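>>> based on what follows, work out the 3D shape:
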Amino acid sequence: QVQLAESGGGLVQSGGSLRLSCGASGRSFRPYVMGWFRQAPGKEREFVAAITWSSVISTYYADSVKVRFTISEDNAKNTVHLQMNRLKPEDTAVYYCAAGSAYSRDLSSLVTYDYWGQGTQVTVSL
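Coordinates of the predicted model:
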């Protein structure tokens, strides 16, 4: 079994920054993709960013966070980070880390991911 644990959430003012981290533990695990999703109250869970490992490392972003957010990995530590800059109140949500084992064309789809973390709250105040 694989466990994912997020950290780094909190309260920040609009325009500020936060860095989320997601550590993977459990059985030897070589994911194809790790991603970040978020869910605001009353809304569906939505894709934020993803990183894939094949012949090269590739990153993908939702349009709403492009330029402001950066996903990166520390493969030696089995950890993925999400650097969030220029945060806006509309970024307020619970952020979830997810991991998928198999290739998928749609990295924004929840069904691509086999494992999920418990989530970490990010609150951006005015």
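
>>> in the sheet, who's paired with the residue positioned nearest the centre of the chain?
Taking Cα atoms, centre = their mean, the centroid of the chain lies closest to residue 36, which sits 1.9 Å from it. For residue 36, the beta-bridge partners are residue 49, residue 97 (DSSP bridges).

>>> got the contact list for it?
By Cβ atoms under 8 Å, 6 or more residues apart in numbering, the contact set of residue 36 is 20, 22, 48, 49, 50, 71, 80, 82, 95, 96, 97, 98. In this view, the C-beta of every residue, glycine as well, is placed from N, C-alpha and C.

>>> now the residues you listed in CSV, with neighbour count and pLDDT?
Conversion of the contacts of residue 36 to CSV gives the following (neighbours: other Cβ atoms under 10 Å; pLDDT from 0 to 100):
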residue, neighbour count, pLDDT
20, 23, 98
22, 26, 96
48, 24, 98
49, 25, 98
50, 24, 97
71, 21, 98
80, 27, 96
82, 25, 98
95, 24, 98
96, 23, 98
97, 27, 97
98, 23, 97
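
>>> which of the residues you listed sits closest to residue 104?
Nearest to residue 104 among the contacts of residue 36 is residue 50, at 9.7 Å by Cβ to Cβ.
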